[in-house]
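Visitor: I would like to see how this sequence folds:
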Amino acid sequence: MAKEVAVTIKLQAPGGQATPAPPIGPALGQHGVNIGQFVSQFNERTKDLNGTTVPVVITVYADKSFVFEVKSPPAAVLLKQVAEIAKGSGTPNRETVAEVTAEQVRKIAEAKFKDLNAYDLGQAEKIIRGTARSMGIEVVDS
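Guide: Presented below is the predicted three-dimensional model:
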């Protein structure tokens with residue numbers, strides 16, 4: 001028989017560097033989850049991401065046990081890493097802050113494909129291109 005789900009929590013945490021400090025501690029503590037156990041398991045599972053912001057979906061059961069699923073990093077985070085910038089443009093339609101190649105966009109789309117609402121890789125690339133445009137990053141075909 002399946003366990004009764006008490007709550008589902010969605011968080012973003014730095015891969016391999018999570019701590020019991022906010023936002024993780026308070027979000028899990030109010031549901032009675034062992035915070036130290038979650039942090040150690042999360043850090044072990046995401047140690048190769050080393051500081052990259054990663055979304056995580058935590059399912060807490062009625063008996064205070066939990067399971068969690070680590071998603072791929074947000075497209076904006078991956079674009080900032082590839083473009084080597086700290087943040088996107090404040091006025092994306094007027095100011096371009098960086099350029100990325102179509103090949104880099106394809107690699108990001110391949111990495112995020114399972115988490116995107118797209119039927120094929122071409123549609124996933126369009127989603128990533130839209131995110132880049134909204135951040136003031138120009139995609140160049142080279």
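Visitor: And the helix or strand of the chain with the lowest mean pLDDT, what does it pack against?
Guide: Counting by mean pLDDT, DSSP states H and E, the chain has its least confident helix or strand at helix 24-29, which shows a mean of 88. In terms of contacts (3 or more CB pairs under 8 Å, 6 or more residues apart in numbering; DSSP states H and E), helix 24-29 is packed against strand 5-14, helix 35-45. From N, CA and C alone the C-beta is placed, and that goes for glycine too.
Visitor: For the chain, which segments count as strands?
Guide: Secondary structure of the chain (DSSP state E): strands at 5-14, 53-61, 66-70, 98-101, 137-140.
Visitor: Quick one: closest of the helices and strands packed on helix 24-29 to D115.
Guide: Checking those against D115 by CB to CB gives strand 5-14 as the closest, at 12.6 Å.
Visitor: tilt between that closest one and helix 35-45?
Guide: Angle of strand 5-14 versus helix 35-45, following axes from the mean of the first three to the mean of the last three CA atoms, to 10 degrees, is 50 degrees.
Visitor: Pairing partners for strand 5-14, with directions?
Guide: strand 53-61 (antiparallel) (DSSP bridges).
Visitor: List the contacts of the partner strand.
Guide: For strand 53-61, contacts defined as CB atoms under 8 Å, 6 or more residues apart in numbering pick out 3-15, 28, 31-33, 38, 42, 46, 66-74, 77.
Visitor: Return the distance of it from the chain's centre.
Guide: 11 Å (CA atoms, centre = their mean, to the nearest Å).
Visitor: so what's T19 up against?
Guide: Taking CB under 8 Å, 6+ apart, one finds G25, V39 in contact with T19.
Visitor: What does it show for phi and psi?
Guide: Main-chain torsions, T19, degrees, to the nearest 10: phi -130, psi 160.
Visitor: The closest residue to G29 other than its chain neighbours - how many residues pack around it?
Guide: Nearest non-adjacent residue to G29, counting by CB to CB, 6 or more residues apart in numbering: I35, 6.0 Å away. The tally of other residues near I35 (other CB atoms under 10 Å) stands at 18.
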